[in-house]
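Visitor: Turn this into a model:
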Amino acid sequence: MKNHYHTLGVERSANADEIKRAYRKLASQHHPDKGGDKLKFQEVEEAYRTLSDPNKRAQYDNPGFGPFDNNPGFQSATFNFDSIFNMFGAQFHPHMQRQQQAQMTLWVTLTDVAQGGPRTITVGTDRGTMAVEIDIPPGINDGDRVQYARIGPGGMDLIITFRIHNHPRWQRQGQHLICEETINLWDLILGCDITIKDILNNQLQVTIPPRTQPGSMIRLKGRGLNSRQQVPGDLLLRVQGRMPDSIDPELLNLIERTRAK
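Guide: Residues are numbered from 1 along each chain as shown. As a prediction, this is how the structure comes out:
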């Protein structure tokens, strides 16, 4: 299988912006209209189409994975647990069930982490597929391992290692969530109220104080991720300024005179 990360020159942990920047650079460099290598350009295009789509990327990262029921954000692996254990001479017997454990890696999104709660996943064995219910702990961290008792094939315990995809908008800092919003420069100067959506698509009203500096952080208490201790993190909104499309010439003259003083 082609290594799309290698083709774009990015790490497997690269976020959406890093992938887009790498694609634009390589697409410009290898575009046939600019004398580039057509085959190389096609490889870059293929890599970007795969890695820029969250669902395609998840399937590429986890060959053979399928979706959670009614939740396209999750990916669950179809593992041949019977064959894995048979390789080492282990058979599924009732008296051995408690001594054996099945393990799998499960990739989820940051939105899945924020939602948490019960989920249905499908696990495959040599005898077919089986649906199992798991509970996603609130605010789980990348790399956390959770043991689910006697829900695996043959009644084994199932140990799941959770991996978390990068989010195109939200960054995680512990249980805090950070995002960025760009607003009109006049609104930074005069202050305003804006509406944003949190990671679960809930609408939040945010007051931007007058004379807010670009790059300032506004903290919304308790709007981050929950934790196992039920102590929610905060939402940190980084505010950036955008120049207005047009500025009245008289205002520009006034600003110029003020700057000259």
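Visitor: Tell me where the stretch 51-200 of the chain has helices.
Guide: 54-61, 81-87, 110-115, 185-190 (DSSP state H, counting those that start in this stretch).
Visitor: Make CSV from the ones you listed and add distance to L252 to it.
Guide: Yep, even glycine has a C-beta here, placed from its N, CA and C like the rest. Below are the helices of the stretch 51-200 of the chain laid out as CSV (distance: least, Cβ to Cβ, whole Å):
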stretch, distance to L252
helix 54-61, 44
helix 81-87, 71
helix 110-115, 43
helix 185-190, 13
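Visitor: mean pLDDT for these: which is lowest?
Guide: Of all the helices of the stretch 51-200 of the chain, helix 81-87 carries the lowest average pLDDT, namely a mean of 37.
Visitor: residue ranges of the strands in the stretch 151-261 of the chain, please?
Guide: Using DSSP state E, counting those that start in this stretch, the strands of the stretch 151-261 of the chain run over 157-164, 171-173, 176-184, 192-197, 203-208, 216-220, 235-242.
Visitor: and these as JSON lines, adding distance to H30, mean pLDDT and mean neighbour count?
Guide: Putting the strands of the stretch 151-261 of the chain into JSON lines (distance: least, Cβ to Cβ, whole Å; pLDDT from 0 to 100; neighbours: other Cβ atoms under 10 Å) gives the following:
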{"stretch": "strand 157-164", "distance to H30": "31", "mean pLDDT": "93", "mean neighbour count": "18"}
{"stretch": "strand 171-173", "distance to H30": "31", "mean pLDDT": "95", "mean neighbour count": "16"}
{"stretch": "strand 176-184", "distance to H30": "31", "mean pLDDT": "96", "mean neighbour count": "16"}
{"stretch": "strand 192-197", "distance to H30": "37", "mean pLDDT": "96", "mean neighbour count": "12"}
{"stretch": "strand 203-208", "distance to H30": "43", "mean pLDDT": "97", "mean neighbour count": "12"}
{"stretch": "strand 216-220", "distance to H30": "40", "mean pLDDT": "97", "mean neighbour count": "14"}
{"stretch": "strand 235-242", "distance to H30": "33", "mean pLDDT": "96", "mean neighbour count": "18"}
